[in-house]
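sequence unknown, structure follows:
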């Protein structure tokens with residue numbers, strides 16, 4: 001149990017370094033430096049690299065070690081092709097309007113998300129954003145689809161994290177969350193799907209425009 005907790009701690013710390021841009025695409029991840037900075041052991045760092053590779057944030061190459069992944073435009077398009085398919089399927093299967101308790105939970109999360117934005121607490125912004133999407137994905141009522149949604153949510157963290165680089169981007173993302181909540185309180189399925197896809201694909205478009 002202690003080993004699992006330690007692996008999760010190191011994985012989370014490195015994930016946030018990547019998401020917030022403290023570690024850049026193609027930047028080499030040096031085991032000893034990470035061990036010293038995070039006060040941990042080599043086998044824990046390697047386990048964290050494996051977990052981050054599974055999340056699509058890190059790539060490991062023979063004789064070159066681990067580095068922050070750098071996605072090509074083609075890879076980004078392919079990832080978002082899958083995300084669009086999955087989110088359209090989820091929107092079709094989600095009971096609408098969303099259950100009162102789901103709307104209440106999402107509203108509570110969104111309030112915390114917006115407070116963190118205004119306080120400049122990026123770690124809390126990230127955590128509340130993940131919570132929002134996890135709850136929303138669960139609402140589709142299909143456990144297999146939910147698992148796929150969460151997987152591709154993680155695998156696009158490099159792109160999604162672009163919104164964390166500016167206050168305007170964070171506020172735009174928060175406004176899109178509010179639009180999803182508003183659409184989810186109605187029975188307009190096409191409007192609900194459009195609100196979600198506008199949010200999902202907007203991150204892709206901004207990343208491709210500004211970063212590549």
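On my side now, so go ahead. Keep in mind the model is a prediction, meaning the values are calculated, not measured.

going forward, measure contacts between C-alpha atoms and count neighbours the same way
Noted.

which residues touch the helix or strand hosting residue 177?
Taking DSSP states H and E as the criterion, residue 177 maps to helix 167-184. Residues outside helix 167-184 that contact it (Cα atoms under 8 Å, 6 or more residues apart in numbering) are 96-98, 103, 106-107, 110, 113-114, 117, 162-164, 191-192, 195-196, 198-199.

I'd like to know which of these are buried.
Applying 16 or more other Cα atoms under 10 Å to the contacts of helix 167-184, the neighbour count classes 96-98, 103, 106-107, 110, 113-114, 117, 162-164, 191-192, 195-196, 199 as buried.

on that earlier part again, tell me the mean pLDDT over the next helix or strand after the helix holding residue 177?
Next helix or strand after helix 167-184 toward the C-terminus (DSSP H and E): helix 189-211. Averaged over helix 189-211, pLDDT sits at 89.

now do helix 189-211: distance to the chain's middle.
On the basis of Cα atoms, centre = their mean, to the nearest Å, helix 189-211 sits 14 Å off its chain's mean C-alpha point.

what's in contact with that helix?
Contact with helix 189-211 is made by 73, 76, 80, 83-84, 87-88, 91-92, 96, 159-160, 162-163, 173, 176-177, 179-180, 183-184, as judged by Cα under 8 Å, 6+ apart.

out of those residues, which are buried?
Listed as buried from those are 76, 80, 83-84, 87-88, 91, 96, 159-160, 162-163, 173, 176-177, 179-180, 183-184; burial here means 16+ other Cα under 10 Å.

residues touching the helix or strand harbouring residue 13, excluding its own?
Per DSSP H and E: residue 13 is located in helix 2-19. Residues from elsewhere that reach helix 2-19 (Cα under 8 Å, 6+ apart): 23-24, 38, 40, 44-45, 47-49, 51-52, 57, 68, 123, 157-158, 161-162, 164.

mind redoing it with 6 Å?
For helix 2-19, contacts defined as Cα atoms under 6 Å, 6 or more residues apart in numbering pick out 23, 44, 48, 161.

ok, now stretch 74-90?
Here stretch 74-90 has contacts from residue 140, using Cα under 6 Å, 6+ apart.

so what pLDDT did residue 166 get?
82.

if we can go back for a sec, of the buried ones among the contacts of helix 167-184, which belong to helices?
Assigned to helices by DSSP state H, the following of the buried ones among the contacts of helix 167-184 qualify: 103, 106, 107, 110, 113, 114, 117, 191, 192, 195, 196, 199.
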